[in-house]
Every structure is written in structure tokens, then in C-alpha cells.
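[1] sequence first, then the predicted structure:
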Amino acid sequence: MAQTILEMATDLTTALIQAGRIPPEELQDTLQKTYASLMELKMKGDNKAAATPPTPVNWRKSIARNSITCLECGATFKQLSRHLRDHNLDAHSYRAKYGILRTQPLAARSVTAMRKTIAQRVKPWEKAPGYVKAQGGKAAEVKAQRKRTARVKG
């Protein structure tokens, strides 16, 4: 638990007396001066914090071609998903904290492009049971046609 300003002033004054820096007779004056100094410092700190609004972070600059910079600690990665656990955050809360769009991937642009290419080549939506059922016999025809096209290209 944090000390109060009076407790800090008392501790400082007691330490000065024990170190022999001031005589015990000056206890009250030193305690009052120390307390006043600590209060003044606290007020200056509070005013400075209130006068300086937090600078908005441009999250777009943190996402580069081959890396993404964590806005919490400044470290760079290919993707942030696992690293965010170190900050006790998930992707949703990280995006909310820094005003990042919900649809923005938390990965380097090259990683996102590679995932997109793989998804377009594999077409996982065509393997979903709902899609296969809805297409009926068409899915088998499309698959066979794709194999024929791949043989011709290859």
C-alpha cells in the first residue's frame, strides 16, 4: 500500500535525525518544511499530468511490410496474437485500446498477403459441409475441373 505524504515526510525527517544531519530539536520545523515540499511536488505533478493529454498513437505506422510493432512495449513481431498475452490483452481489447479497426489484421503485411494467397488457392469454404451440401453434385464437378486445370498448367 502506498504511503501518505505525511508518512513520507515523517520517514524522511526521522532518517535525517538518525543520520545526524539535523538535531532532534528541529524535528517539527523540518517535518513541516518536508511536508510542504512534498505537497508542492505532488501538486506540480498533478498539474503537469492534467495539462498534458495523452498523445494519440498512430497505429497505422506500427504495421510495416515485414513486421508489426507492439504499441504496449515497442517490440516488433510478425504477428501479435501470442505476444499480447504477455500484456494480459486479447486482440479485441488491444484494438479497442489503440483505436484499431476491427477488421485490421494484427500481423505484418507480408504475413497477411501470404495467408490471403493460401486461402485463395486452398478455398477452405468449398470444403465446408454446408457448402458441399448446398452444391450437391456441383462440388464434385468443380473439384474435378480444378484438377484437370492444374494438370494442364503443371
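    Noted; the coordinates are in hand.
[2] domain map for this structure?
    By the assignment in automatic domain parsing, the chain contains the domains 5-51, 60-109, 123-154.
[3] can you list these in JSON lines and add mean neighbour count and distance to Lys116?
    Any C-beta I mention is one placed from the backbone N, CA and C, and that applies to glycine too. Putting these into JSON lines (neighbours: other C-beta atoms under 10 Å; distance: least, C-beta to C-beta, whole Å) gives the following:
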{"stretch": "domain 5-51", "mean neighbour count": "13", "distance to Lys116": "44"}
{"stretch": "domain 60-109", "mean neighbour count": "14", "distance to Lys116": "10"}
{"stretch": "domain 123-154", "mean neighbour count": "10", "distance to Lys116": "12"}
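[4] would you list these in CSV and tack on distance to Arg115 and mean pLDDT?
    Formatted as CSV, the domains of the chain follow (distance: least, C-beta to C-beta, whole Å; pLDDT from 0 to 100):
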stretch, distance to Arg115, mean pLDDT
domain 5-51, 42, 84
domain 60-109, 8, 91
domain 123-154, 11, 74
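[5] in this protein, where's the longest helix?
    Longest helix in the chain, counting residues (DSSP state H): helix 27-51.
[6] pull the residues that contact that helix.
    Here helix 27-51 makes contact (C-beta atoms under 8 Å, 6 or more residues apart in numbering) with Ile5, Leu6, Met8, Ala9, Thr10, Leu12, Thr13, Leu16, Ile17, Ile22.
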